[in-house]
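# Pasting a predicted model and its sequence here:
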Amino acid sequence: MASMLKRSRAILMALGIIALLFAMWAGLVRMGWRLPPLERNLAGRHGPLMVAGFLGTVISLERAVALKHPWTYLAPALSGLGGLVLLAGLPSRLGEALITLASLVLLAVFGLIVKRQRALFTETMALAAAVWLGGNVLWLAGGSIPQAVPWWAGFLILTIAGERLELSRLVLSGRTTERFFLAAAGVYAAGLAVTLMDYGWGVRLAGLGLVGLAAWLLRFDVARRTVRLKELPRFIAVALLTGYAWLGISGLLALWYGGVMAGAHYDAILHTIFLGFVMSMIFAHAPVIFPAVLGKALPYRPAFYLHLALLHLSLALRVTGDLADWLAGRQWGGMLNVFALLFFLFNTARAVLGARAAGA
């Protein structure tokens with residue numbers, strides 16, 4: 001049974017990585033790079049592949065491993081299968097339905113977690129799962145991807161905020177910090193709700209919430225202390241703190257530009273979240289999560305700073321291109337974003353293989 005579960009985890013992780021690779025290809029096609037589209041509608045599925053096929057699968061898998069209940073593996077399985085359906089060019093409705101079911105199962109998973117331990121951080125992550133379900137239902141009901149994207153982003157932002165609240169609670173003091181967190185998260189969630197009635201004002205309100213969450217994370221996260229340590233703790237802290245800065249920048253851009261649904265400003269608002277913030281969190285947590293999920297050691301290497309630096313420098317180039325109407329800067333920034341993610345996968349695989357060889 002244990003070996004079968006281990007193989008299942010590896011398969012599900014592989015589905016997530018496949019979705020990530022094709023999502024990156026689709027993103028480059030969307031940006032105007034002359035690459036084979038591989039599948040007629042692939043470019044239009046960049047967002048769902050990245051959010052559901054990759055991130056939704058990985059986050060759901062992490063929760064399933066932690067809970068150790070076989071039924072919880074339905075969430076990453078459904079999300080991974082939904083990504084495969086989108087990749088294969090099958091009816092998009094089927095992929096949307098599978099991904100929506102995945103988010104419903106994940107919400108049930110967090111219902112179990114909250115029942116076991118009722119706390120602000122578990123309730124925040126349960127809200128994140130509900131937000132993902134809401135965005136997927138909106139998408140399944142015929143809403144456009146730009147309408148669903150703020151909800152998909154909310155799933156990731158609130159999940160990460162809840163996780164950081166959990167890890168930082170031992171060093172927090174007083175109820176003021178909790179009230180600050182609640183206010184920022186509440187404003188952000190209210191902004192998502194308002195997008196259903198007035199997209200522009202909803203995005204601006206959500207942007208205000210993002211600025212508040214970024215300020216809370218930069219002020220109260222335990223990374224402010226661990227950045228003074230060495231090796232892995234410092235690397236994680238650097239990745240976290242730079243990610244929080246990008247989250248704040250995204251909030252400011254959302255406040256300024258409002259409900260744009262396409263174009264360069266839309267690109268800047270989205271990718272400061274999905275690349276600057278979310279991928280920084282993935283880079284930071286990979287040395288901890290990867291061994292827990294797959295049972296393979298992922299020792300720290302100084303080379304990890306290379307893919308982290310490339311991610312942030314290339315994103316700065318991309319956002320500069322977006323804001324300055326500089327197409328070449330935007331396109332080359334996007335291409336280097338992809339190289340940063342590929343370099344991350346390479347460095348991760350190299351560290352795992354190196355640890356295995358050392359232990360052989």
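In hand now; what should we look at?
# Do you know the pLDDT at the nearest residue to Phe343 once chain neighbours are set aside?
Leaving aside its chain neighbours, Phe343 sits nearest to His307 (4.2 Å; criterion: Cβ to Cβ, 6 or more residues apart in numbering). In this view, the C-beta of every residue, glycine as well, is placed from N, C-alpha and C. Confidence at His307, expressed as pLDDT, is 97.
# same question, Ser173
On the pLDDT scale, Ser173 gets 61.
# hang on, Leu252 packs against Gly207?
Yes - under the criterion of Cβ atoms under 8 Å, Leu252 makes contact with Gly207 at 7.1 Å.
# and the top helix by length along the chain, what's its mean pLDDT?
With secondary structure taken from DSSP state H, the chain has its longest helix at helix 327-359. Helix 327-359 shows a mean pLDDT of 89.
# And the contacts of stretch 153-161?
Contact with stretch 153-161 is made by 51, 55-56, 59, 103, 124-125, 127-129, 131-132, 135, 181, 185, 188-189, 192, 206, 210, 213, 216-217, 247, 270, 273-274, 277-278, 281, as judged by Cβ atoms under 8 Å, 6 or more residues apart in numbering.
# Let's see that with 6 Å instead.
If you take Cβ atoms under 6 Å, 6 or more residues apart in numbering as the criterion, stretch 153-161 is touched by Thr124, Met125, Leu127, Ala128, Val131, Trp132, Leu192, Leu213, Ile273, Val278, Met281.
# contacts for stretch 16-31?
So stretch 16-31 is contacted by 35, 37, 42-43, 46, 49-50, 53-54, 57-58, 83, 87, 331, 334, 338 (Cβ under 6 Å, 6+ apart).
# Then stretch 288-303?
By Cβ under 6 Å, 6+ apart, stretch 288-303 touches Arg9, Glu62, Val65, Glu231, Leu232, Pro287, Asn347, Ala351, Val352, Ala355.
# how does it look with 7 Å?
6, 9-10, 13, 61-62, 65, 231-232, 235, 286-287, 347-348, 351-352, 355 (Cβ atoms under 7 Å, 6 or more residues apart in numbering).
# Quick one: end-to-end length of that stretch, please.
End-to-end distance for stretch 288-303: 16 Å, by Cα to Cα, to the nearest Å.
# quick one: buried residues of it?
For stretch 288-303, a neighbour-count test (16 or more other Cβ atoms under 10 Å) marks Ile289, Phe290, Val293, Leu294, Leu298, Arg301 as buried.
# Return the subset of these lying in helices.
Using DSSP H, the subset of the buried residues of stretch 288-303 located in helices is Ile289, Phe290, Val293, Leu294.
# In JSON lines: those, plus distance to Arg164.
Converted to JSON lines, these look like this (distance: Cβ to Cβ, whole Å):
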{"residue": "Ile289", "distance to Arg164": "14"}
{"residue": "Phe290", "distance to Arg164": "19"}
{"residue": "Val293", "distance to Arg164": "19"}
{"residue": "Leu294", "distance to Arg164": "23"}
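# so which of those comes closest to Val109?
The nearest member of those to Val109, counting by Cβ to Cβ, is Val293 at 15.1 Å.
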